[in-house]
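**Q** Below are the sequence and a predicted model; questions follow.
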Amino acid sequence: MASVFTSRTLLLPFFILFPALFSATDGVFSEQLPVTITRRQMEKTTRLHFYFHDIVEGKSPTALQIIRPHNKSINGFGQTFVADDPLTEGPELTSKLVGRAQGLYSMASQHEPSLLMMMNFAFLEGIYNGSVLSILARNTIFNIREMPVVGGTGVFRFARGYALAKTVKMDRSGNAVVEYNVTVVHF
Ligand SMILES: *[C@@H]1O[C@H](CO)[C@@H](O)[C@H](O)[C@H]1NC(C)=O
Ligand SMILES: *[C@@H]1O[C@H](CO)[C@@H](O)[C@H](O)[C@H]1NC(C)=O
Ligand SMILES: *[C@@H]1O[C@H](CO)[C@@H](O)[C@H](O)[C@H]1NC(C)=O
């Protein structure tokens, strides 16, 4: 009896003092992590250089037209493609595959050759394997163009930055090779 009594008297104040330990798993709406170093100190800048191959014609196209232009369309306005375009280290398609550009692009101008790009660049190479950069951009295909990088995953979590692109080769069918320099800040 004596031993039961003592263990109760010991436990009771324990429950009163630390109720939170025993009500445990209610949902937690938000939580602020202690800040030990500033965001700026954690930021990294990464530059990537690669070539984007958009193959619309031939035996194995990497981009397919999924929306035809409306019959009132001017300059192909509205045409939309879905792409799974290889990204390579060098300008040749046979050079090392470093990723794939997956997404959609549409002819979004009635006045000039300009695309709306909705693309994820999914990388395969080294520490970037499995990480993604997302681009949502206007792409004026005959100029050197700048496109915003709006986010990322994996190594590129919290990414923001920009891509500079230049078409280095385009044939009559519209098959194109585009050089990309991407600069992103991320954690
Ligand atoms: C354009 O499309 C509309 C609706 O589909 C059709 O009625 C019309 O005949 C078409 N016009 C031409 C020039 O093809
Ligand atoms: C990238 O990751 C995938 C899945 O984890 C793996 O199968 C592949 O071999 C990796 N590629 C490279 C180049 O490391
Ligand atoms: C990418 O960067 C390289 C090296 O600085 C430069 O030679 C090339 O012209 C750049 N290309 C684009 C599209 O910015």
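**A** Nice, thanks for sending it over. Ligands and ions are numbered 1, 2, ... in the order given.

**Q** Tell me which stretches of this protein form strands.
**A** Defined through DSSP state E, the strands belonging to the chain, from first to last, are 44-54, 63-67, 80-88, 97-107, 114-123, 132-140, 145-153, 160-170, 176-186.

**Q** Quickly run through the sheet partners of the second one, with directions.
**A** Paired with strand 63-67 in the same sheet, following DSSP bridges, are strand 80-88 (antiparallel).

**Q** now the partner strand, how far from the centre of its chain.
**A** When distances are taken as CA atoms, centre = their mean, to the nearest Å, strand 80-88 is centred 14 Å away from the chain's centroid.

**Q** these two touch, right, Met118 and Ala108?
**A** No - here Met118 does not reach Ala108: they are 10.4 Å apart, not a contact under CB atoms under 8 Å. Where C-beta positions appear, they are placed from N, C-alpha and C, glycine not excepted.

**Q** Alongside ligand 3, which residues does this structure contribute?
**A** Taking CB under 6 Å from any ligand atom as the contact definition, the chain meets ligand 3 at 49, 144, 164-166, 179, 181.

**Q** change it to 5 Å
**A** Proximity of the chain to ligand 3, by CB under 5 Å from any ligand atom, involves residues 164, 166, 179, 181.

**Q** how close does Phe123 get to ligand 3?
**A** Taking CB to the nearest ligand atom, to the nearest Å as the measure, Phe123 falls 18 Å from ligand 3.

**Q** Does that residue touch Thr153 like I think?
**A** No - shown here, Phe123 and Thr153 do not form a contact pair, counting by CB under 8 Å, at 10.2 Å.

**Q** So those two - more neighbours on which side?
**A** Between Phe123 and Thr153, counted using other CB atoms under 10 Å, Phe123 has the larger neighbour count: 22 against 15.

**Q** quick one, what contacts that one?
**A** With contacts taken as CB atoms under 8 Å, 6 or more residues apart in numbering, Phe123 has the following neighbours: 87, 98-99, 129-133.

**Q** Any of those residues buried? List them.
**A** Of all the contacts of Phe123 considered here, the ones buried according to neighbour count by 16 or more other CB atoms under 10 Å are 87, 98-99, 131-133.
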